[in-house]
Structure formats: C-alpha cells, structure tokens
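Asks: Predicted model and sequence follow; I will ask about them next.
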Amino acid sequence: MAEAAGVKERNLRYYQERGLLPPPRREGRVAWYSEDHLARLRLIDDLLGRGYTVNAIGELLQAWERGGGIAQLLGLERAMTRDWQRAEPVTLAAAEARALFGAGSTSEDARRAVELGYVSVDGDTVTHRSAPLLEATLALVRQGVPVSEILDAGEFLQREAAAVADRFVGLFRRYVIGSAGLEGLSAERLGEVAEAVAALRPLAGDVVTAEFARAMAARADAELELLLRKMSGGEVEPE
C-alpha cells in the first residue's frame, strides 16, 4: 500500500493513528486495503506537499465527510491520477537487452536510460516501462540511429511533454476547478469535476497526437522538397 502510494510505511501508520486514514479490512492476520484507501493516502500526501498541516488535513477530511463529499473527492483523485499510462512494461534478461541494443550501446547509455526513467535494473533483469516505447527505440536502433541520440531525443520529448501537461493542467485548474480550489467545492460539484476529468483525459491525448501529426507532415514535406531540389541540381538554401 505504501509502495503503491509512494509514501513511507511509517507515514501510513501515522496517518492511521491520527484518524486520517481508515483502518484496512482484516481477515485473520491479513490487512486488505482498497482503491479508496489508496486515493485517500495520495490525497493526504499531496495536501502535505502543498503545505497543509496534519491537523488541517484532518479537519478538511472531516468537513468533506460531514458534507457527504468524501466519496466524490476520492473519485476525483482516482480520475485525475489513474489510467494516464496504460502501456505494459517489458522485463528482459540483462544479456538479452544488451544484445537487442547492439554493440554500439554503452554503459553510459544504460545509466541515462535509468536516469530518464525508461528502464529499471534489478540484478540480472532489466524492465522497460513501456512495450511501445521499447519497440520504437529498437526500430530506430535497427535503422542505425545511435542509442545516445535516441536518449537525447527522449530527454527533449520529456521536457516538452511536461510543458504541455502543465499547460493543460493549468487551464483545467483555472477554468474547471476555479479559484476556490477543492476546499470550496460542494459534493455535487466535486462529482461534476471528476466527470469532466474523465471526459477530457482522452481528448488531451488526441489534441497532442493531432498537432504532432500536423507538424510532422509539414516538416516531412519540407524535407522531401529539399531532397528533390538536391536531386534536380537546384540551389538549396543553407540551413
């Protein structure tokens, strides 16, 4: 439970002791936590990160529970944090991974791949976080693109993707949630915001895909024109 929420075990126990987190369902010596526990734990951790004290968080949670909005609040947390990443990870033997990436890959490439979050290493096994990303990388390697260049492109893409995500989240926070923040939303409004998140989530990906496709088409057309001009002996503008 602590690992899934990204918190320390002692913090989880402390939140339970302070009444912020309900006790798990017990069957003998086994404690079972639910998705609601996970959503609530993530919410507590997020509020702490934004400067709320434990006492203030307790008062907020109690107020939402008295107003009947705690279920909607946890539903909003689930809608905002789940289902963005659906790609299945791929686990390989370290020797198999080295063979796939070829003799041109180096230990520095491996270090950067771990640093950028593409792979994790556990003893003699390597896990890539996404099967489609791994296949795209290998396709480029097979075409002769150095792994170091692919990682440079990946690092650039991560920065740009973060900027796009910040813009989308900022618009949602400003115009859908509003200036009052979550604390000022009724149970009904919390439910409406959760529905809006669920509806907008696939649209955000569609927008990015459409704009990237449009940019690629324009850039590919320009590149093809340049190549044709070179073949015909025409003058080429220096880059």
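Replies: Yep, it's here. Residues are numbered from 1 along each chain as shown.
Asks: Please count neighbours and contacts with C-alpha atoms only from this point.
Replies: Fine.
Asks: in this protein, which spans are helices?
Replies: With DSSP state H as the definition, the chain shows helices at residue ranges 2-5, 9-17, 35-49, 54-66, 70-81, 94-101, 107-115, 131-142, 147-172, 187-231.
Asks: Tell me which of these sits most buried.
Replies: helix 70-81 (a mean of 20; mean count of other CA atoms under 10 Å).
Asks: Walk me through the domains of the chain.
Replies: 2-84+186-222, 90-157 (automatic domain parsing).
Asks: average model confidence for the last one?
Replies: If I follow you right, that is domain 90-157. In this model, domain 90-157 has an average pLDDT of 92.
Asks: Mind telling me which of the helices of the chain the model trusts least?
Replies: Mean pLDDT is lowest for helix 70-81 among the helices of the chain, at a mean of 63.
Asks: Can you add distance to residue 122 and give the helices of the chain back as TSV?
Replies: Below are these laid out as TSV (distance: least, CA to CA, whole Å):
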stretch	distance to residue 122
helix 2-5	17
helix 9-17	22
helix 35-49	26
helix 54-66	36
helix 70-81	27
helix 94-101	9
helix 107-115	11
helix 131-142	18
helix 147-172	21
helix 187-231	32
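Asks: what's the closest of those to residue 179?
Replies: Among the helices of the chain, the nearest to residue 179 by CA to CA is helix 147-172 (11.0 Å).
Asks: picking up where we left off before, reformat the domains of the chain as JSON lines; add distance to residue 174.
Replies: Shown next, in JSON lines, are those (distance: least, CA to CA, whole Å):
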{"stretch": "domain 2-84+186-222", "distance to residue 174": "12"}
{"stretch": "domain 90-157", "distance to residue 174": "26"}
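Asks: For residue 171, find the nearest of these.
Replies: Among those, domain 2-84+186-222 comes nearest to residue 171, with 11.7 Å by CA to CA.
Asks: so how far is the first residue of that closest one from its last?
Replies: For domain 2-84+186-222, the first-to-last residue distance is 51 Å (CA to CA, to the nearest Å).
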